[in-house]
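[1] Take this sequence and fold it.
(one chain, ligands or ions: 1)
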Amino acid sequence: MDLRLTQEVADTRERIALGGLFYLAGWLLIAANAPVYVRNPLLGALIAAAFVVLAALRFLRTTPLPVPEKQQRWLDQRWLIVYLTAGLWGAVLGWTLAEASFAPARTAALLCTIAYATAMAHTFSMRRGRALAGIALIYLPALFWLWRDPEQRINATAMTVYLIYVVLALIGSHAEYQRRLGIDSELRLQRDRYEELSRTDGLTGLDNRRHFSHVLDRLCTPGEGEETLSLLLMDIDHFKRINDEYGHAVGDACLVRFAERMRQQFPDADRYLARVGGEEFAVLLPGRDGPRAFRAAEDFRKSLAEDPLTLREGRLRMSVSIGVASLDPARQTGGDGLYRAADGALYRAKSEGRDRVCREPV
Ligand SMILES: Nc1nc2c(ncn2[C@@H]2O[C@H](COP(=O)(O)OP(=O)(O)OP(=O)(O)O)[C@@H](O)[C@H]2O)c(=O)[nH]1
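    Purely as a prediction, here's the structure:
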């Protein structure tokens, strides 16, 4: 998902809504005071109807799927509505100013033009080029007619100076918008990073115990997970000796390689691997009953015994004891019950001599 585009869609959706009504109001003000429209009500009504339709289109509160192509198309459609409204205003205004007999409506029309151009600069600051085009559609016809009339030079000059201000305001508000967008996406990234850190183990990158407990509880809640669920609790045998013999750094590297081996051996369970203690790890196997989970545990134990871990210092042979338990709602309640059962099986594996898998219930 493109976060910046998603934010732009949200802002456009929010900001576009009310604008159309102001064009309609401006138009009604002019039409009420412009003789040609008073004399030709059908033309006046047609233009009003066009403004009504364009204003109504802005109220369509649809949101595109968060797919960049769809979001871009949605934005293009909104901008088309903005351009049509601005273009219609510019055309009607240019024509109104061109007719000498429309003096009573002229000041109001020019004030509306100034207001719409200013609003465009501040409201549609998401896209500088597009907003500039919109302002041009609103403003330039009026400017053209004012500069053509020698009697309007003062107004033309004032309008031109104001246009320069509007363009500068747009450049400023666009820069501000981009800055805000940058801060927003940086904050979002940081929040995601902290979330990731709060649920993973810093050394191995596997889930940490706290997050694992949440997942376990969720999968053990009736109706949430699959009906069969097995848990493997694994404890590296005599890990203290590795630390004592080779040092803590080698012990750490060993834990990292052990976690990698887990990822290789349990590719389907990648989301359910955790380091739950110093040299204690857990694997959740949704959809696997006791015998299948036992086989998976036995395969892992054998792979470790037969294929030593590769460290920078050389290959390190080690063994692991594993306790396996499967969800049995009649005997255990929730994640705690399943964890206790697997822990009991692990305890047996340790006390019966290590380097083995024990299952609960047998
Ligand atoms: N290098 C390293 N060692 C750790 C870490 N966390 C725990 N340990 C060590 O793991 C060892 C665990 O020792 P014990 O609980 O006696 O277990 P063990 O030596 O594996 O013996 P058994 O489990 O009974 O087979 C201790 O020496 C801890 O210091 C860690 O993050 N890095």
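[2] got the phi/psi numbers for L284?
    Backbone torsions for L284, taken as degrees, to the nearest 10, come to phi -100, psi 130.
[3] so it sits right up against L219, yeah?
    Yes. Using Cβ atoms under 8 Å, L284 is in contact with L219, at 6.5 Å. C-beta coordinates here come from the backbone N, C-alpha and C atoms, glycine included.
[4] quick one, which of these two is more surrounded?
    L284 (27 against 18; other Cβ atoms under 10 Å).
[5] what's across from that one in the sheet?
    Using DSSP bridges, the bridge partners assigned to L284 are L231.
[6] In contact with it: list those residues for me.
    Residues counted as contacts of L284 (Cβ atoms under 8 Å, 6 or more residues apart in numbering) are 212, 215-216, 219, 229-232, 269, 272.
[7] could the residues you listed be laid out in TSV, adding pLDDT?
    Shown next, in TSV, are the contacts of L284 (pLDDT from 0 to 100):
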residue	pLDDT
F212	96
V215	94
L216	94
L219	90
L229	92
S230	94
L231	96
L232	97
A269	79
Y272	94
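[8] that's a strand at E226, yeah?
    No. Checked against DSSP: H, G, I helix; E, B strand; the rest coil, E226 lies outside a strand; its state is coil.
[9] Going by neighbour count, list what's buried in stretch 67-81.
    71, 74-75, 78-79, 81 (16 or more other Cβ atoms under 10 Å).
[10] Could you find the closest non-adjacent residue to Y177?
    Nearest residue to Y177 in three dimensions, chain neighbours excluded: S125, at 4.4 Å (Cβ to Cβ, 6 or more residues apart in numbering).
[11] quick one: which of the contacts of L284 has the most company?
    L232 (30 neighbours).
[12] hang on, it packs against R295?
    No. Counting by Cβ under 8 Å, L232 stays clear of R295, with 11.2 Å between them.
[13] Quickly list what's touching both of these two.
    Between them, L232 and R295 share no contacting residue under Cβ under 8 Å, 6+ apart.
[14] buried stuff in the helix or strand bottoming out on mean pLDDT in the chain?
    Lowest by mean pLDDT, DSSP states H and E among the helices and strands of the chain is helix 35-39, with a mean of 77. Of the residues in helix 35-39, Y37 count as buried by neighbour count, 16+ other Cβ under 10 Å.
[15] Distance from the chain centre to whichever helix or strand comes after that helix, please.
    Downstream of helix 35-39, the first helix or strand assigned by DSSP states H and E is helix 41-58. Distance of helix 41-58 from the chain centroid (Cα atoms, centre = their mean, to the nearest Å) equals 37 Å.
[16] buried stuff in helix 41-58?
    Quick answer for helix 41-58 (16+ other Cβ under 10 Å): 44, 47-48, 50-52, 54-55, 57-58.
[17] what about L97, how many neighbours?
    Neighbour tally, L97, other Cβ under 10 Å: 25.
[18] Break this protein into its domains for me.
    The domain map for the chain lists 3-193, 209-360, with the assignment taken from automatic domain parsing.
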